[in-house]
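1. Any chance you could fold what I've pasted below:
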Amino acid sequence: MKRLNFYCVMADKEISWDSLLEKTKTILKEAADREEAMQHICALLHREVPHYDWVGFYMVDPLAEGQLVLGPYVGEPTEHIRIPFGTGICGQAAETRETFIINNVKAESNYLACSPDVESEIVVPIIKGKELIGEIDIDSETKGVMTDSDRKLLEAIARELAELF
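-> Residues are numbered from 1 along each chain as shown. So this is what the prediction gives:
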C-alpha cells in the first residue's frame, strides 16, 4: 500500500496521517466487530486531530431505500438520525459517491445544521466494489480547516473500512 507520508501541524500538535492510518488498520484487525471498529476509529480521530470536533458514520439503511442512518459517532448528539440521499452534504455525498469538503457550511444552502458551532465539514463515502456502504462525516468548529490532506487520510480509512463489509 502506498504510504501517505505527510504531516499536519494544528494547535501546536504534529499529526502523522501515516500513524493514524496504521492505528486504524490495527483497530480493524483487533475489533470484535464492525460497530466496535467504527466506534474506536471515531474515538481515535476525535482524540488525535484537534480540528475534528464531531466524528461519525452514516450507513446505508438496507431496509429503507435511499436513506442513511446514523452509526457510531463521537461528539455532541445530533438530531439527524436519518438522512435521505440528496439531502444535506451527507445526502449529496451518498447520491454522488464523491468526497465533499465544505470549509464554510453557512454558505451552503443544502447544509443540515447539526450544531450552530459547526463551520467546516468533510464527508467521505465508503464504497466496496460499486456498492455504497456508508460514509465518514466529520464536523469542525473552525472555518476553512479541512484540506486535501484530510481527504487523503479519510479516503484511505474508508478503503480499509470497506474491506469489513
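
2. Helix or strand for the residue nearest the centre of the chain, just tell me which one.
-> Centroid check for the chain by Cα atoms, centre = their mean gives Ile136 as the closest residue, at 2.4 Å. Element membership of Ile136, judged by DSSP states H and E, is strand 131-140.

3. which helices and strands sit right next to the following helix or strand past that strand?
-> Note on strand 131-140: by DSSP H and E, the next helix or strand toward the C-terminus is helix 148-162. Secondary-structure packing of helix 148-162 (3 or more Cβ pairs under 8 Å, 6 or more residues apart in numbering; DSSP states H and E): helix 17-30, helix 34-48, strand 100-102, strand 120-128, strand 131-140. All C-beta spots, glycine's among them, are computed from the backbone N, C-alpha and C.

4. go again using 6 Å as the cut-off
-> Secondary-structure packing of helix 148-162 (3 or more Cβ pairs under 6 Å, 6 or more residues apart in numbering; DSSP states H and E): helix 17-30, strand 120-128.

5. give me the low-pLDDT residue ranges for the chain?
-> 1-14 (pLDDT under 70).

6. repeat that with 80
-> For the chain, applying pLDDT under 80 flags the ranges 1-15, 109, 111-115.

7. Now do the contacts for His40.
-> Ile27 (Cβ atoms under 6 Å, 6 or more residues apart in numbering).

8. Roughly how far does it sit from Ser120?
-> His40 sits 24 Å away from Ser120, taking Cβ to Cβ, to the nearest Å as the criterion.

9. what does Thr26 give?
-> 28 Å.

10. Comparing these two, which shows the higher neighbour count?
-> For Thr26 versus Ser120, neighbours defined as other Cβ atoms under 10 Å are more numerous around Ser120 (22 against 12).

11. So what sits opposite that one in the bridge?
-> Listed by DSSP bridges, the beta-bridge partners for Ser120 are Ser140.

12. what's near enough to touch it?
-> Asn103, Ser140, Lys143, Val145, Met146.

13. What's the local residue count around the residue lying closest to the fourth one once chain neighbours are set aside?
-> Put plainly, it is Val145. What sits nearest to Val145 in space, not counting adjacent residues and going by Cβ to Cβ, 6 or more residues apart in numbering, is His51, at 4.4 Å. Residues lying near His51 (other Cβ under 10 Å) number 20.

14. now the angle from the strand holding Ile136 to helix 34-48?
-> Calculated by axes from the mean of the first three to the mean of the last three Cα atoms, to 10 degrees, strand 131-140 forms an angle of 30 degrees with helix 34-48.
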